[in-house]
Structures are given as C-alpha cells and as structure tokens.
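Sequence first, then the predicted structure, then my questions.
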Amino acid sequence: MPLRGLWLVASLLLVTVGVLGGRETIVVLGLLLLLTGGAARLWSRLVLTQLSYQRLFPETRAFVGDKLSFTARLTNRKLLPVPSVEVREHFPEELPPDGVRLAPSHLARTGCLLRSVTLAWYERVNWRYELECRSRGIYRVGPVQLRSSDLFGLFPVERHDEESQRVVVFPRVLPLLELGLPSQRPPGERRGGARIYEDPLRIAGLRDYQPGDSLRRIDWKATARRGRLQSRLYEPSATLHLLVALNLITLEQTWTGFDPVLLERVVTVAASLATQGHQQGYAVGILANGSFPESDRPIRIMPGRHPNHLPRILEALAGVGPFFISPLEKLLEAESHALPLGTTLTVVTALLPDSLLATLGRIKAAGHQVMVLSVTEEGAEGTVSGIAVRNIGGYLRQWEESQP
C-alpha cells in the first residue's frame, strides 16, 4: 500500500484503539487525522479543476532568423488556492525559447521547459517567451503537463493538455541580385517587348494555321467546317504567370539519402523567386515532387495573385522534406496542359537528367518560357538541349559562407 494511503488505515486504527481503550485523546487524534487526510484528498481532486493554461500568439508565422513572441498564461478560476503547480511545456528543438535551457523530453526532437508557481484564488500568472526561429518548418508548441498536490503534498495529481499551437517558420528569402539573377523579371522571361501575353480563356477570333503555332491553339471544330487548319486568336492579358518547379532529388543514387545543403538551396531559391514574382505583380505558383506535411499529395499551388497566395506558397515550402514521390518530369508532364499560354516555368534543381530536359523541351515547344536554375557549383551553364540553364551554386556558397 502506498504511504499516502496509510492515513486512512492509521486514523481508523487510532479511533478503534481509543474507543476500545477508553482513551479520548487517541480518539480525537484519530478523528483529526481522518479529517485532515480527507480534506487533503478532496483538495488534490479539486486543485487542477478550473485551472487553465493558454498560449497567446500575436503571430504564428515568421521567417528563419526572426523571433516569435508569445505569452503563456496560467489562471486559477476558483476559490481554492493552488499551493504549488509545476508546468511542463514541450518545445521543438528547432524552436527553443530564447535564453532558456530545455530539459530532455520523451517526445522526439523536443525539450521540456519547467516552471513552478503558487496561485491564490482567482490569480493569474503570465510568462513571456521569445522563440528562436532557427530553421524552416512547421512546428507544434506543446503539449503541456500540469502537476500539483494538496497542501501537505500527500496526494499529487497531474493533467495532460494535448492542445498545441501550430507555428510556421518560412524559408529564407534572398534578393535575386545575391543569386546573380536580374531583379526586374523572373528568370525565363524574354527580355524586351511589352509585358503582355495572350489569355487562352478569352478567344478573339480565328485565322489560318501558321507554321510554329502550338497544337493547343488549333480549333478542330472550325478546321472541320472550313476544311483547313484554323488557329485561335486570343485577347491580350496583362497578367503574367510564373510557375516555380522544385526538384527535391539531390543525389543521383536516391537510395543513398539526400544532400541537406542542396535541399535547402533549392527551397531558398524557390522562395526567393516566388516572393520576387509576387511583389512584381505576377501570378505565381509552385510545383514540387514532394508532398505536403502529413499528406501524400504532391505540392501543387497553381499561379495566383491573391494577397494570401504568397503566404500559402511559403508555408508549403516551409514544410518541404527530403522525401520525393516521383520524378519531377512526370509531374510537369501531367500539369503542363493546365498552364496558361505564355507561362514562365523556372525549374530549381540540383540534378538535370536527360528525361527532365526532354520534358522541358516539350513544354517550351508548347509556347512557354523555360529556365533551369542549378544550385550546384559544378552544374551546366548556358543552353543545354535547347533549354537555358544558369548555375547559381557559387553565389549560394558565397552567401552561406557569409552567414554567422
């Protein structure tokens, strides 16, 4: 029997001995022990009721290198005071509170922060934390464990609050000039000329087929009626579309794992391109041969210009992991038919296999602008199989070496 359970046996024994022996003092002592133990047991059952723990986040999204502030609030909403309560909060290792050393935790890649406090009736205590955003990702702050007891410490109790706060740390965004790229237009767009493309959703008329017209432009019903090939004419559109495609395969022998440096380079460049394009008024989208966190769907956000579109893209990039679900060229083949005419496709990759180049060639022949950005230092440069390729690995290495 636990020691804390002996109070009942001891008190009943004292009362029995006192009654049988006619000793009033022993009876009173046994009754006092019984009442004290009963009150302590009841106290321990009530001590964690109406005791609430809240996390108050002004912002739950930040970039790598930033700090996120939040307030943890513990409130006693009852008349019964809390003599002592221990708060055990779980934090991701990549998102620790500034200036605080975390204790080991039973949860993977997390640490514990311990706090102890005494609360009077209807008292509230606040703790303010600053979280260091060390690396991109989608994290959870929590859960929290509360431990307390009665006034004498005889009956400890605990409660697990499984609710946690989702926090997103966006990848780094670099100015395109630091990557050796022009800042006035996304890589892949033709220089010169008006910034106007045809809108395939707005048909202006028909004309005879001309050599070089895309098969997507041919109107087969009109061709059948007139007996000769007819191409559609589209009204101009002031909206430019940019699709950034990420190849998450970083090693030729995929079974050997992945290169973390090259993976972060791919994500950083993609985030930088998407941000720059959005700021310049482009309809921006991303496509990656990886999946959303806790999902088996490929990362696919088609070009858009809504104010909330860029945060969606950056959040998807924050959750990019090292695992891929298919070669990038297969995804591009499946999605190429949905691209608006004149879309600029920029592929960010560490590897450039022949199969990917062949797919990009077909997309270019369909009327899209195509550019490949290689994040390795030994990658190709110039025109490869008719596709423009730029090697920015050296610029990325210089930036990495400049970081503290």
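Noted; the coordinates are in hand. Residues are numbered from 1 along each chain as shown.

what bits of the protein have low per-residue confidence?
Confidence mapping of the chain against pLDDT under 70 gives the ranges 1-24, 26-36, 38, 183-204, 234-239.

what do you get if the cut-off is 80, keeping everything else the same?
Along the chain, segments meeting pLDDT under 80 span 1-40, 150-154, 182-205, 211-217, 233-239, 254-255, 292-296, 340-342, 379-382, 404.

Now for residue 225, which secondary structure element holds it?
helix 220-226 (DSSP states H and E).

contacting residues around that helix?
For helix 220-226, contacts defined as CB atoms under 8 Å, 6 or more residues apart in numbering pick out 206, 209, 229, 230. Every C-beta, even on glycine, is put in place using the N, C-alpha and C of the backbone.

got the residue ranges for the strands in the stretch 301-404 of the chain?
Under the criterion DSSP state E, counting those that start in this stretch, strands of the stretch 301-404 of the chain are mapped to 344-349, 369-374, 382-384, 387-391.

Surely residue 363 is in contact with residue 334?
No: applying CB atoms under 8 Å, one finds residue 363 not in contact with residue 334, separated by 11.7 Å.

More neighbours: which of the two?
When residue 363 and residue 334 are compared for neighbours, residue 363 comes out ahead with 23 against 13, by other CB atoms under 10 Å.

List the residues that contact the closest residue to residue 271 other than its chain neighbours.
In space, and not counting its chain neighbours, residue 271 is closest to residue 171: 4.4 Å by CB to CB, 6 or more residues apart in numbering. By CB under 8 Å, 6+ apart, the contact list for residue 171 reads 63, 64, 136, 264, 267, 268, 270, 271, 314, 317, 318.

What distance do you get for the fifth one to residue 322?
For residue 267, the distance to residue 322 under the criterion CB to CB, to the nearest Å works out to 11 Å.

between these two, who's got more neighbours?
Comparing residue 267 with residue 322 by other CB under 10 Å, the one with more neighbours is residue 267, at 23 against 13.

Out of the contacts of residue 171, grab the one that's most surrounded.
Result: residue 271 is most packed of the contacts of residue 171 (other CB under 10 Å), 29 neighbours.

any idea whether that one is helix, strand or coil?
When classified by DSSP: H, G, I helix; E, B strand; the rest coil, residue 271 comes out as helix.

isn't it right up against residue 176?
No: contact criterion CB under 8 Å: residue 271 and residue 176 do not qualify, at 11.6 Å.

Go through the helix holding residue 225 and flag the buried ones.
Going by neighbour count (16 or more other CB atoms under 10 Å), the buried part of helix 220-226 is residue 223.

Using PDB, write out every CA atom in it.
Extracted C-alpha coordinates of helix 220-226, given in PDB (Å, rounded to 0.1, in the frame of the first residue of the first chain):
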ATOM      1  CA  TRP A 220     -10.500  21.400 -84.500                       C
ATOM      2  CA  LYS A 221     -14.300  22.100 -84.900                       C
ATOM      3  CA  ALA A 222     -13.600  25.200 -87.100                       C
ATOM      4  CA  THR A 223     -11.000  23.200 -89.000                       C
ATOM      5  CA  ALA A 224     -13.600  20.600 -89.800                       C
ATOM      6  CA  ARG A 225     -16.000  23.200 -91.000                       C
ATOM      7  CA  ARG A 226     -13.600  25.100 -93.200                       C
END
